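Peer 1: Give me the fold of what follows.
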Amino acid sequence: MSKPNQTLGEFIIENQTAFKYTSGELSRLLNSIRLAAKVVNHEVNKAGLVDIIGNAGETNIQGEDQQKLDVYANDKFIQTLTKRNIVCGIASEEEDDFIAINSQDENNQNKYVVLIDPLDGSSNIDVNVSVGTIFSIYRRVTPIGTPVKIEDFLQKGSAQVAAGYVVYGTSTMLVYTTGHGVNGFTLNPAIGSYYLSHPDMKFPEDGNIYSVNEGNYSHFPIGIKKYIKYCQEEEGDRPYTSRYIGSLVSDFHRNMIKGGIYMYPKSSKNPNGKLRLLYECNPMAFLAEQANGKASDGYTRIMDIEPSELHERAPFICGSKNMVEKAEEFMRNADSEF
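Peer 2: Numbers count the residues shown, from 1 in each chain. Below you'll find the predicted structure:
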């Protein structure tokens, strides 16, 4: 149960008994993510004052240019989670392969793996637009005390035990779920503590915001094109308002509070979709469903997709339930795909 002025640490401790595995390990893990997020937040807020913005000169496994803050955030989260010896494995959007923690230590009884997008929307850093961190936590499926394997990471989203994001904006917020609703905590920079500011967050069932990169319109499936036209029609409560930041965390966060739909569908340029299933789609889908929303690839529930590789991509439609269902209806009824 939430209380006024409750800190994130107090909330985690008070609510850990609602989690079916009550060893305290998950609580320590969430506290480590909280700590790493504070460190990254401090660096993000110095962008422009120190040499931390711009291209790092390398590309990640997806072939995307890495920003300096991508590398910094990735290093900080991995260091924090590794040094505290609370996870048995980490997978990051910025790493080619997963990282096994203490894989040769027979006494390593850690049960959880973390998948993370250390700095979502990092290309926006140079222009002072909100960015974020997305994380997903699973209980390992291979025997405890043995080295983690790829199957520990390639789990359906429905197997997640916790997920969340940090948005570094006008204020810094950490939003997470362990399957018992979604709660948001705002960082008080004066004392370095997160306080419960948004208890029991919910998507309105309907909304009037649609978030999609309309510059890719000509490459979208017919169903998405028709849905966008539907959003723009003058009828009833439409036209909807178009709002697209280009940072999944920021777009999702706004839509959850105000009501709306976020779409990054497959396209003729990206036939498998653009967003990463494990690092972006699954954690956001878990949050959406826990907040009375819905997440789909246009036909199928995101969290029912069986992943086949670490950096797999997927189409992603997420937000207010009625809006997502309407988009799915347009996808189903389209007379052709493109």
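Peer 1: make it CA atoms for all contacts and neighbour counts henceforth
Peer 2: Will do.
Peer 1: From V40, how far off is T170?
Peer 2: 15 Å (C-alpha to C-alpha, to the nearest Å).
Peer 1: neighbour count winner among the two?
Peer 2: Neighbours were counted for T170 and for V40 using other C-alpha atoms under 10 Å; V40 has more, 22 against 8.
Peer 1: Quick check: the gap between the more buried one and M173.
Peer 2: According to C-alpha to C-alpha, V40 stands 13 Å off from M173.
Peer 1: and if you look at N183?
Peer 2: Taking C-alpha to C-alpha as the measure, N183 falls 10 Å from M173.
Peer 1: residue ranges for the strands of the stretch 1-150 of the chain, please.
Peer 2: 55-59, 65-67, 89-92, 99-100, 112-120, 131-139 (DSSP state E, counting those that start in this stretch).
Peer 1: which one of these lies closest to A73?
Peer 2: Among these, the nearest to A73 by C-alpha to C-alpha is strand 112-120 (5.4 Å).
Peer 1: Tell me which strands that closest one pairs with, and in which orientation.
Peer 2: Sheet pairing of strand 112-120 (DSSP bridges) gives strand 89-92 (parallel), strand 131-139 (antiparallel).
Peer 1: Output the longest helix belonging to this protein.
Peer 2: Secondary structure of the chain per DSSP state H: the longest helix is helix 25-44.
Peer 1: Buried residues in that one, which are they?
Peer 2: 25-38, 40-41, 43-44 (16 or more other C-alpha atoms under 10 Å).
Peer 1: D200: which element?
Peer 2: For D200, there is no host helix or strand (DSSP states H and E).
Peer 1: Pretty sure it sits against G179.
Peer 2: No. Between D200 and G179 there is no contact under C-alpha atoms under 8 Å: 11.7 Å.
Peer 1: Counting neighbours, what do you get for M201?
Peer 2: Look at M201: counted by other C-alpha under 10 Å, it has 20 neighbours.
Peer 1: now it, nearest residue through space, not along the chain?
Peer 2: Of all residues not flanking M201 in the chain, V182 sits nearest, at 5.3 Å (C-alpha to C-alpha, 6 or more residues apart in numbering).
Peer 1: list the contacts for T142?
Peer 2: T142 makes contacts with 148-149, 151-152, as judged by C-alpha atoms under 8 Å, 6 or more residues apart in numbering.
Peer 1: Would you mind giving the residues you listed as JSON lines with pLDDT, neighbour count and distance to E329 added?
Peer 2: Converted to JSON lines, those look like this (pLDDT from 0 to 100; neighbours: other C-alpha atoms under 10 Å; distance: C-alpha to C-alpha, whole Å):
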{"residue": "V148", "pLDDT": "94", "neighbour count": "25", "distance to E329": "41"}
{"residue": "K149", "pLDDT": "96", "neighbour count": "17", "distance to E329": "39"}
{"residue": "E151", "pLDDT": "98", "neighbour count": "14", "distance to E329": "34"}
{"residue": "D152", "pLDDT": "98", "neighbour count": "19", "distance to E329": "34"}
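Peer 1: between the residues you listed, which is nearest N85?
Peer 2: So of those, ranked by how close each gets to N85 (C-alpha to C-alpha), first place is V148, at 14.1 Å.
Peer 1: now the closest residue to I261 other than its chain neighbours: how far from G164?
Peer 2: Nearest residue to I261, sequence neighbours excluded (C-alpha to C-alpha, 6+ apart): G319, at 4.4 Å. Plainly put, G319 is 15 Å away from G164 if you go by C-alpha to C-alpha.
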